[in-house]
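Engineer: Starting from these lines, generate the structure:
(one chain, ligands or ions: 1)
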Amino acid sequence: MTLDPPTMLTLSVALAAAAALYLAVEWRSVREASLLFWSGGFAIIAVGCVLALMRGSGLVLVGVWFANGLLVVAHWLFLLGVARFTETRLSRGWYLIVVVWLAMLTLPSDQAWSKVMLMVQSSMIVLVTLRASFLLRPHGKSLSVGAVQLRYVLLGHGLFYLFKVGTAAISGTAIDLVSFRGEIIQISLVEGAIAIMLIALSMTGTERYRREQQIARLANRDPLTALYNRRALEVRAPRLLNQVARHRPGALLLIDIDNFKPVNDLYGHTAGDRLLITLSEMVRAVLPEGSLAARLGGDEFVILLANASSERVEALGTALREQFRHVAAQTFDTPTPVTLSIGATLFDRPPTSLAALIEQGDHALYASKRGGRDSIRLVDRTTTAAAPVTGP
Ligand SMILES: Nc1nc2c(ncn2[C@@H]2O[C@H](COP(=O)(O)OP(=O)(O)OP(=O)(O)O)[C@@H](O)[C@H]2O)c(=O)[nH]1
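Structural biologist: Presented below is the predicted three-dimensional model:
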């Protein structure tokens, strides 16, 4: 098999059509718009290659510049897809590329125009491809392997087109697009086929990674408050608990809203949801570095502190209670005040399990509720503890 233009074009049609189909199937399950743009780009490449093949075999349906120019549109769709993926807004100037491409179709398709056409079209591909590659540069946070691959494949592809522009400018003999001759045409078709494969693979990898991240995030987070759920806390707590020592006590605070049910009954479930979100934001705001917070379910939240002391637990619990009481009183007029009860435990030896620790917190919380609510009960279980501390 020789790598003549018709063979390479046939191969490109097959690869581009497969990539378009594959990305469209991915889109059906993910519904991520970037996949649709990328799939559209490959579909256009497949159409462009079919048109070029037909023209090459004497079926002159369209001018060479239409078929070749479809590549510009395809790369422009790749750029739109990358912009969607990176959540970047493209300036309006980038949309002019399609206008320029359409305007170029009105120009005569003969040898004399060949060089100009090739240079302008290739330059447009350079611009959109390098821009897409630039958009994928990490914004301070690390990108997935797929996104890094896509960034460099697009960079390499853009640089190849830059080389093509240079070759067209220097020598007219290396490229003769009108009659499909010249070494650059051969190289270009091989590069095109490889680029289709690499770009499609890295696009899929890029989206897969993001989806896996999203799934992992959904599995770990409480959907209402976005705090960790119990399962995620169970996974993360052992690391914190194992660091607990005599000189570095740990603490658990179990927080429960008092009289939450009347909020739901009088103001509706949505208002209740908003209050839960407000509490989660307060928890996040007071959470010291290296601690963990989670929503255990219903109106119950938990905080795990590393390097704690009874003073720190008291201070944090009191700050939360006061803030919450103030906000709830301003928002809801209920027969009984909507406040927080907190059960806390301080320990200086790793507990047998998180469940055992939560149970201790539960006892303290119950004592707080029984004692009239809107209070914190702290049980100091450290070896140096004098007596259990309780607070209003
Ligand atoms: N809005 C809303 N309500 C919820 C959610 N999950 C649980 N609840 C409600 O939270 C309430 C929790 O019950 P309790 O803790 O017994 O209610 P309470 O009035 O706070 O009782 P005390 O804690 O004894 O003061 C129930 O009415 C649940 O329907 C949620 O995600 N959103």
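Engineer: in which helix or strand would I find the residue in the chain that the ligand sits nearest to?
Structural biologist: Closest residue of the chain to the ligand, C-beta to the nearest ligand atom: residue 272 (2.6 Å). No exception for glycine: its C-beta is placed from N, CA and C like everyone else's. Take DSSP states H and E as the rule and residue 272 turns out to sit in helix 269-286.
Engineer: Tell me the buried residues in that helix?
Structural biologist: 272, 275-276, 278-280, 282-283 (16 or more other C-beta atoms under 10 Å).
Engineer: Check stretch 79-88 too.
Structural biologist: Buried residues in stretch 79-88, counting neighbours by 16+ other C-beta under 10 Å, are found at 79-86.
Engineer: I'd like the residues you listed written out as CSV, with pLDDT, secondary structure and distance to residue 163 added.
Structural biologist: Formatted as CSV, the buried residues of stretch 79-88 follow (pLDDT from 0 to 100; DSSP: H, G, I helix; E, B strand; the rest coil; distance: C-beta to C-beta, whole Å):
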residue, pLDDT, secondary structure, distance to residue 163
79, 95, helix, 20
80, 94, helix, 25
81, 93, helix, 24
82, 92, helix, 22
83, 93, helix, 25
84, 91, helix, 29
85, 87, helix, 27
86, 88, coil, 26
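Engineer: thinking again about what came up before, so who does the residue of the chain closest to the ligand touch?
Structural biologist: Residue 272 is in contact with 260, 263-264, counting by C-beta atoms under 8 Å, 6 or more residues apart in numbering.
Engineer: Sort out which one of the residues you listed lies nearest residue 47 for me.
Structural biologist: residue 264 (57.1 Å; C-beta to C-beta).
Engineer: distance of the closest one from residue 270?
Structural biologist: Distance of residue 264 to residue 270, computed by C-beta to C-beta, to the nearest Å: 9 Å.
Engineer: cool, residue 32 as well?
Structural biologist: Residue 32 sits 29 Å away from residue 270, going by C-beta to C-beta.
Engineer: can you narrow the contacts of residue 272 to ones near the ligand?
Structural biologist: Within the set of the contacts of residue 272, contact with the ligand (C-beta under 6 Å from any ligand atom) is found for 260, 264.
Engineer: Out of the contacts of residue 272, which end up buried?
Structural biologist: Neighbour-count burial (16+ other C-beta under 10 Å) applied to these gives 260, 263.
Engineer: Narrow the contacts of residue 272 to those in helices?
Structural biologist: Among the contacts of residue 272, the ones falling in helices (DSSP state H) are 263-264.
Engineer: Now pLDDT and distance to residue 330 too, for the contacts of residue 272, in CSV please.
Structural biologist: As requested, those are exported to CSV (pLDDT from 0 to 100; distance: C-beta to C-beta, whole Å):
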residue, pLDDT, distance to residue 330
260, 96, 16
263, 95, 13
264, 95, 18
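Engineer: That'll do, ta.
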